[in-house]
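Visitor: Sequence first, predicted model second:
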Amino acid sequence: CRAEEQLRLLLLTAELQMTDNYGITASRAEVFSSEEITVTLSCNYSGSTNNLQWYRQDPGSAPQFLLLITNTKEPIVVKVEPPNPRLTAVLNQERNQVHLQISSAAVTDSAVYYCAVKGNNKTL
């Protein structure tokens, strides 16, 4: 039954522990979910960052940019063209967390997702 199918989302981060005290780590390495619900992938970041980015990688393919969110008082989300209306970025500056929400999740959303951080003058 389609409703019983599970999707598997792997959340990875590039190892970003650099001398400038930037860092980003996945809150959970794997997320399993049923279809047609909202799935949230989360990363914790440290250091002074300009923006946080999300990428998706399908097997045998290069990572594809999904969106970025600025780490500003009024965060701005920039999405790939054409944008996927089911993707939302949420920034929790108090907890130093960035979330990617996938609404109406489907088996076709199964992939490896990367969160990345851009510091003041370096992409990590």
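Guide: Nice, I can see it.
Visitor: Find the residue closest to Phe65 in space, skipping its chain neighbours.
Guide: Val80 (5.3 Å; Cβ to Cβ, 6 or more residues apart in numbering). Using the backbone N, CA and C atoms, a C-beta is placed for each residue, glycine as well.
Visitor: nearest residue to Leu68 other than its sequence neighbours?
Guide: Gln53 (4.3 Å).
Visitor: Now for the one you found, how many residues are close by?
Guide: By other Cβ atoms under 10 Å, the residues close to Gln53 number 19.
Visitor: Quick one: classify it as helix, strand or coil.
Guide: The assignment at Gln53 comes out as strand when based on DSSP: H, G, I helix; E, B strand; the rest coil.
Visitor: That one reaches Ala116, doesn't it?
Guide: Yes: taking contacts as Cβ atoms under 8 Å, Gln53 lies within contact range of Ala116: 4.5 Å.
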